[in-house]
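> missing the sequence, but the structure's below:
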C-alpha cells in the first residue's frame with residue numbers, strides 16, 4: 001500500500017480536493033470545520049482506476065502549523081502539491097516544496113486548483129511559474145494538471161496521473177525492524193488506546209509486544225487496521241492504526257516511534273549531512289538554535305558546523321546537532337530544521353551517525369569518517385560502524401547498522417574472508433553472538449596488550465604475569481567480550497596464560513645472584529623454624545626479601561603458602577602433613593589442641609595448618625575434629 005501526501009499554501013483547496021477525490025473529509029477536528037482551515041493532519045484513502053488502494057495524508061498549509069505538516073509528510077511515496085489558480089505560488093508553496101526537496105521526494109504531481117475561477121491565459125501563467133519553481137527541486141518536471149473540485153474538471157486526469165506515478169515502486173531503505181512514527185494518539189470507545197502513523201520499515205503483527213521510544217513504554221498490539229479494515233500483518237509503507245493494550249493515551253506523545261523491543265536506542269546527539277535551502281534569507285551560523293524534525297518527532301537543537309563557519313543558501317556540510325530531548329532515529333533518516341525566529345525552514349538532510357562521540361571542529365580524520373558513513377560502500381560503512389565501538393557481537397552490530405542479522409552476516413562473511421574483520425566464535429561460524437573486531441581494531445588490541453605486558457614485566461620482574469582483570473581494565477573491554485579476546489590473544493601467540501595471570505610468551509621470572517642468595521637464606525631460616533615460622537609480614541624486615549620474591553619461591557615449589565600471612569618450607573610442610581596423617585591413622589580423629597601439642601606449637605599455627613589441609617582435601621572437619629578426607 002502506498003501513501004500520497006498533500007502540500008501547499010493555506011486556502012489553496014487541499015482538503016476540498018481530497019474530499020472531491022475520495023468522498024472523505026480529512027478535516028476531523030471541529031475547530032477545522034468551524035474555521036474552514038486545516039490545522040492538523042488529516043487522513044483519507046482512495047481506490048485508483050487500476051484498483052490499487054492508496055492512503056492520503058492531508059497536511060495544514062498555514063505557516064503556524066508547519067510543524068504539524070512535518071509530522072505527517074516524512075513517510076509519503078509521492079507528493080500532491082496543490083496551488084490555487086487564482087493566487088499562484090505563495091510563501092507556503094515554496095516552503096512546502098523546499099521541505100519535499102529536503103526529504104528527497106522525487107515523485108509527485110501539481111494540482112492547480114480552482115481552475116474554474118480563472119481564464120486560460122492566467123492559467124498558463126500560473127503553470128509557467130510553477131514549472132520555473134519546480135525546476136531546481138527534486139520535483140523538477142513533475143506534471144502540472146489544472147483541476148476544479150467544484151466542477152470536477154480534470155479530476156479523472158489527476159487520478160490517472162497518480163495511478164501512473166504509483167505504478168513505479170519507490171525504493172525504500174529497509175532495516176527489517178518495524179518503525180511506526182506516531183502522528184496521532186487517541187482513545188476509541190470499547191478498544192482503548194490507538195496510535196496511527198505510516199509504517200516506514202519492517203512489519204507489525206497482531207499480538208506482538210511493542211515498545212514506544214524514546215519513552216521506553218511497553219505495550220501489546222491487540223488490533224491492527226489499515227483504512228479501517230482489520231489486518232493480521234501490516235507491511236512497511238502503509239498507513240496503520242494500532243490498538244495498544246497496557247498503556248494509556250496520556251503516556252504517549254506524537255513523535256514517539258512504535259517498534260519491536262530491544263534494538264533501537266534513543267539519542268540526543270546526531271551527526272548529519274546538512275544542506276541549507278536554496279532561497280534561505282540568511283546564512284546558518286555555527287551553534288545556531290533550531291527546531292529539529294524527523295519522522296513525526298520534534299525537538300530543539302543546537303547545530304555545530306564541523307567543516308564550515310557558516311552555511312549560505314544552497315551550501316552543504318557536516319554538522320553535529322545536540323538536541324534538548326531524545327529522539328528515536330537511525331542512520332539514513334531524513335530531517336528538516338527550522339529557525340525559531342523568523343519561523344522559517346532553513347535546511348535539512350540525512351542522519352549520518354545517530355550515536356556519535358562529541359567532535360572537535362575542522363578535524364579531517366573525523367570528517368573523513370563521516371564521509372565514509374555517508375557515502376561509503378556497505379562494507380566500508382559496516383567496518384566504520386564497528387570501529388566506532390568495538391569489539392561488538394554481530395547482533396549488536398546489526399542493530400547499530402539498522403540492518404537485519406541475516407544481511408549483516410552476509411557482509412561480515414565477506415569482510416572476514418578478506419581479513420578486514422576478525423570473528424571470534426568457538427564454533428567457527430557466524431551467529432548473532434559472534435564477537436567482531438576490525439583488522440585495525442585488532443592491531444590496536446594486540447599492540448596495547450604487548451605494550452601493557454612488557455611494561456608490567458619491567459615494573460614487576462619477579463611476578464609471574466599481570467592479573468587478567470588488570471589487563472582487561474587496561475584494554476577497556478567488558479568482561480564478557482574479554483574472555484573471547486583473551487582466547488584469541490593466546491591462540492595467536494600474542495600472550496600466554498599462566499594460571500590466573502597473563503604474560504608475554506617469552507617472559508620468565510629470573511632471579512639476580514643477590515636475590516638467589518637472599519632466597520637461600522630465607523629457605524634455610526624457614527627449615528630451622530620448623531612448625532612455627534615467622535609470618536610473611538616479618539620476612540621483609542628479617543631477611544630483606546620482598547613479597548614478590550616469596551611468591552617466586554612459592555611458584556617454584558620451594559615454599560608452600562598455608563594462609564595469607566604464613567608460608568612453610570616445602571620439606572617442613574610435607575613432614576607436617578605426613579605426621580598429621582599418622583596421628584589420625586593411629587589415634588583416630590584429631591582436634592586443633594592435639595595437633596598443637598603434637599608439634600609443640602601454638603594454636604594459631606595448628607589451626608592454620610588444619611584449615612589449609614581441609615581446603616586441600618587432605619582432611620575433613622567433623623564437628624571440632626578432623627578425619628582423613
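Sure, I can see it. No experiment lies behind these values; they were computed from the predicted model shown. Numbering: from 1, shown residues only.
> how far away from the center of its chain is the lengthiest helix in the chain?
Selection of the longest helix in the chain by residue count, based on DSSP state H, yields helix 439-459. Offset of helix 439-459 from its chain centre (C-alpha atoms, centre = their mean, to the nearest Å): 29 Å.
> next one: stretch 411-430
Using C-alpha atoms, centre = their mean, the offset of stretch 411-430 from its chain centre is 21 Å.
> residues contacting it, please?
With contact meaning C-beta atoms under 8 Å, 6 or more residues apart in numbering, stretch 411-430 is reached by 378-379, 382-383, 386, 391, 394, 397, 409, 431, 433-439, 442, 484-485, 487-488. For the C-beta atoms, the positions are set from N, CA and C on the backbone; glycine is no exception.
> drop anything exposed from those residues.
382-383, 386, 391, 394, 397, 409, 434-438, 442, 484-485, 488 (16 or more other C-beta atoms under 10 Å).
> most widely separated two among these?
Within the buried ones among the contacts of stretch 411-430, two members stand farthest from each other by C-beta to C-beta: 409 and 485, at 21.0 Å.
> which stretches of the chain have low pLDDT?
1, 26-40, 60-69, 71-72, 74, 169-175, 426-428 (pLDDT under 70).
> which non-adjacent residue is nearest the one residue sitting closest to the centre of it?
Nearest to the geometric centre of the chain sits residue 400, at 4.3 Å (C-alpha atoms, centre = their mean). The shortest distance from residue 400 to any non-neighbouring residue, by C-beta to C-beta, 6 or more residues apart in numbering, is to residue 385 (5.5 Å).
> the one you found reaches residue 373, doesn't it?
Yes: shown here, residue 385 and residue 373 form a contact pair, counting by C-beta atoms under 8 Å, at 7.4 Å.
> as a check, name the ranges of all helices in the stretch 151-300 of the chain.
For the stretch 151-300 of the chain, the helices defined by DSSP state H, counting those that start in this stretch cover 155-166.
> do the same with the stretch 501-629 of the chain
513-529, 536-543, 547-556, 570-587, 592-598, 603-615.
> for residue 265, which of these is the nearest?
Of all the helices of the stretch 501-629 of the chain, helix 547-556 sits nearest to residue 265, with 45.6 Å by C-beta to C-beta.
> contact partners for residue 562?
So residue 562 contacts 568, 573, 608-609, 612 (C-beta under 8 Å, 6+ apart).
> I should have written residue 109 there, sorry.
Taking C-beta under 8 Å, 6+ apart as the test, what residue 109 contacts is 78-81, 142-145, 158, 161-162, 165.
> sheet-wise, list the partners of whichever strand or helix holds it with their directions.
Take DSSP states H and E as the rule and residue 109 turns out to sit in strand 108-113. Applying DSSP bridges to the sheet, strand 108-113 is found paired with strand 78-84 (parallel), strand 144-146 (parallel).
> need those in CSV with mean neighbour count, can you?
Below are these laid out as CSV (neighbours: other C-beta atoms under 10 Å):
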stretch, mean neighbour count
strand 78-84, 26
strand 144-146, 20
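> ok, residue 22 touching residue 58?
No: assessed by C-beta under 8 Å, residue 22 is found out of contact with residue 58, at 9.9 Å.
> any common contacting residues for those two?
Common neighbours of residue 22 and residue 58 (C-beta under 8 Å, 6+ apart) are residue 44.
> give me the more crowded residue out of those two.
Each of residue 22 and residue 58 has its neighbours counted (other C-beta atoms under 10 Å); residue 58 has more, 30 against 16.
> of all the contacts of residue 109, which two lie farthest apart?
The span of the contacts of residue 109, defined through C-beta to C-beta, is set by 78 and 144 at 14.5 Å.
> surely residue 617 and residue 628 touch.
No: using C-beta under 8 Å as the test, residue 617 is too far from residue 628 to be in contact (9.9 Å).
> the two: which is more packed in?
Remark: of residue 617 and residue 628, residue 628 carries more neighbours, 13 against 9, as counted by other C-beta under 10 Å.
> beta partners of that one?
Beta-bridge pairing for residue 628 (DSSP bridges): residue 619.
> what does stretch 597-609 contact?
The contact list for stretch 597-609, computed with C-beta under 8 Å, 6+ apart, reads 530-532, 562-563, 566, 576, 579-580, 583, 590, 592-593, 595-596.
> between the contacts of residue 109, which sits nearest residue 204?
The closest of these to residue 204 turns out to be residue 78 (C-beta to C-beta; 23.0 Å).
> if you count contacts, what does the longest helix of the chain end up packed against?
Contacts defined by 3 or more C-beta pairs under 8 Å, 6 or more residues apart in numbering; DSSP states H and E place helix 439-459 against helix 378-388, strand 421-424, strand 466-467, helix 468-475, helix 479-491, strand 501-503.
> distance to residue 554 added to those, as a markdown table?
Shown next, in a markdown table, are the helices and strands packed on helix 439-459 (distance: least, C-beta to C-beta, whole Å):
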| stretch | distance to residue 554 |
| --- | --- |
| helix 378-388 | 43 |
| strand 421-424 | 34 |
| strand 466-467 | 16 |
| helix 468-475 | 19 |
| helix 479-491 | 24 |
| strand 501-503 | 13 |
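> and residue 113, which of those is closest to it?
helix 378-388 (43.7 Å).
> how much space is there between residue 397 and residue 431?
Distance, residue 397 to residue 431, by C-beta to C-beta, to the nearest Å: 12 Å.
> about what we covered before: list the buried residues in the strand holding residue 109.
Residues 108-113 are the ones in strand 108-113 that count as buried (16+ other C-beta under 10 Å).
> dump the residues you listed into CSV; add distance to residue 339 as well.
Shown next, in CSV, are those (distance: C-beta to C-beta, whole Å):
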residue, distance to residue 339
108, 26
109, 30
110, 27
111, 30
112, 30
113, 30
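> of those residues, which is the nearest to residue 321?
Comparing the buried residues of strand 108-113 against residue 321 with C-beta to C-beta picks out residue 108 as the nearest, at 27.8 Å.
> contact partners for the nearest residue to that closest one once chain neighbours are set aside?
Leaving aside its sequence neighbours, residue 108 sits nearest to residue 79 (C-beta to C-beta, 6+ apart; 3.4 Å). Residue 79 makes contacts with 4-7, 100, 105, 107-109, 139, as judged by C-beta under 8 Å, 6+ apart.
> out of these, name the ones that lie in helices.
Those of those mapping onto helices are residue 100, per DSSP H.
> how about residue 581, nearest residue that isn't a chain neighbour?
residue 628 is the one closest to residue 581 (C-beta to C-beta, 6+ apart), at 6.6 Å.
> ok, that neighbour touching residue 622?
No: in this structure, residue 628 is not within contact of residue 622 by C-beta under 8 Å, at 10.8 Å.
> mind listing the shared neighbours of those two?
Going by C-beta under 8 Å, 6+ apart, no residue sits against residue 628 while also sitting against residue 622.
> tell me how far the closest residue to residue 620 other than its chain neighbours lies from residue 229.
Sequence neighbours aside, residue 629 is the residue nearest to residue 620 in space, at 4.2 Å (criterion: C-beta to C-beta, 6+ apart). Counting by C-beta to C-beta, the separation of residue 629 from residue 229 is 75 Å.
> do the same with residue 353
Residue 353 sits 39 Å away from residue 229, taking C-beta to C-beta as the criterion.
> neighbour count: these two, which is higher?
A direct count of neighbours by other C-beta under 10 Å for residue 353 and residue 229 places residue 353 higher, at 22 against 9.
> what's across from the residue lying closest to that one once chain neighbours are set aside in the sheet?
Once flanking residues are discounted, residue 353 sits nearest to residue 271: 4.1 Å by C-beta to C-beta, 6+ apart. For residue 271, the beta-bridge assignment (DSSP bridges) gives partners residue 320, residue 353.
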